[in-house]
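Peer 1: coordinates for the following, if possible.
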Amino acid sequence: MAKKVIPYKDSNLDKKAQVTKMFDAISKNYDGLNRVISLGIDTKWRKRVVKLVGSAKPNSILDIATGTGDLAIAMVKTGAKKIVGLDISTGMLEVGIDKVNEKKLDNTIEMVVGDSENLDFKDNAFDAITVAFGVRNFENLEKGLQEIYRVLAPNGTLAILETSVPTKTPFKQGYTIYAKYILPAIGKLFSKDKVAYNYLSESAAIFPHGKAFNNILAKIGFIGIENKPQTFGVATIYVASK
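Peer 2: Below is the predicted model:
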């Protein structure tokens with residue numbers, strides 16, 4: 001079971017409310033800061049997710065924890081007729097809606113407020129479901145994955161892009177230094193929320209990755225599970241089916 005890390009350790013709010021508060025606070029700077037922190041490599045990871053999902057030719061896609069909509073927008077290249085971007089943070093969604101409208105994609109992409117652990121969709125509703133850098137923010141990881149399983153159509157594709165920790169020297173040591181010291185420092189320069197990027201680095205460090213996360217997906221009932229490490233293992237793409 002994944003350990004629980006919360007952003008605001010002195011808060012009376014539960015993790016879900018704290019994560020919502022945090023992403024609302026950093027929403028305006030989120031895109032630019034992500035490009036700086038990842039050195040722009042995160043865009044390449046998303047393109048690989050699009051390629052993996054697109055090979056199944058889905059008609060409908062749900063992008064959970066869509067944030068500002070980067071992955072939902074990229075998914076247009078799959079040819080899907082319906083794409084829903086869902087997030088619990090209205091601040092992040094507002095930025096995403098502006099991007100969708102600017103690209104004139106509002107006929108294809110619908111951005112909605114929603115809770116990933118209580119999805120307001122019918123069973124088997126989507127041909128593909130994606131999550132980019134979102135599952136580690138679930139308050140109850142297994143409950144969120146069970147909801148994903150429920151609304152994914154039989155033979156549908158699940159693709160999850162998430163941070164992970166390199167296991168080989170010297171990448172492991174370099175990542176530890178970067179995540180513990182450099183990432184929070186960059187975050188503080190760009191964001192008024194001084195705890196946000198401490199949380200993001202801490203949650204990434206303890207989140208189950210690789211085979212450990214494969215095992216959780218298998219426990220939920222997913223099949224055909226693969227994990228594909230990216231850039232020396234600092235991120236991983238997980239692909240599975242129902």
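Peer 1: tell me where the model's unsure across the chain.
Peer 2: 1-4, 7-11, 187, 190-197 (pLDDT under 70).
Peer 1: can you name every helix or strand that the top strand by length along the chain contacts?
Peer 2: For the chain, the strand that runs over the most residues, judged by DSSP state E, is strand 152-163. For strand 152-163, the elements it packs on are helix 41-54, strand 126-132, strand 235-241, judged by 3 or more CB pairs under 8 Å, 6 or more residues apart in numbering; DSSP states H and E. For the C-beta atoms, the positions are set from N, CA and C on the backbone; glycine is no exception.
Peer 1: now for Lys219, how many residues are close by?
Peer 2: A total of 11 residues lie near Lys219 under the criterion other CB atoms under 10 Å.
Peer 1: oh, that last question was meant for Lys28, not what I typed.
Peer 2: 17.
Peer 1: which one is it nearest to, not counting chain neighbours?
Peer 2: Nearest residue to Lys28, sequence neighbours excluded (CB to CB, 6 or more residues apart in numbering): Val95, at 6.8 Å.
Peer 1: please give the element, helix or strand, for that neighbour.
Peer 2: Taking DSSP states H and E as the definition, Val95 sits inside helix 90-102.
Peer 1: that helix: how far from the chain's middle?
Peer 2: Distance of helix 90-102 from its chain centroid, counting by CA atoms, centre = their mean, to the nearest Å, is 16 Å.
Peer 1: ok, then the element right after that helix?
Peer 2: Next element after helix 90-102 (DSSP H and E): strand 109-113.
Peer 1: same for that next one, what does it pack against?
Peer 2: If contacts are counted by 3+ CB pairs under 8 Å, 6+ apart, strand 109-113 sits against helix 70-74, strand 82-87, helix 90-102.
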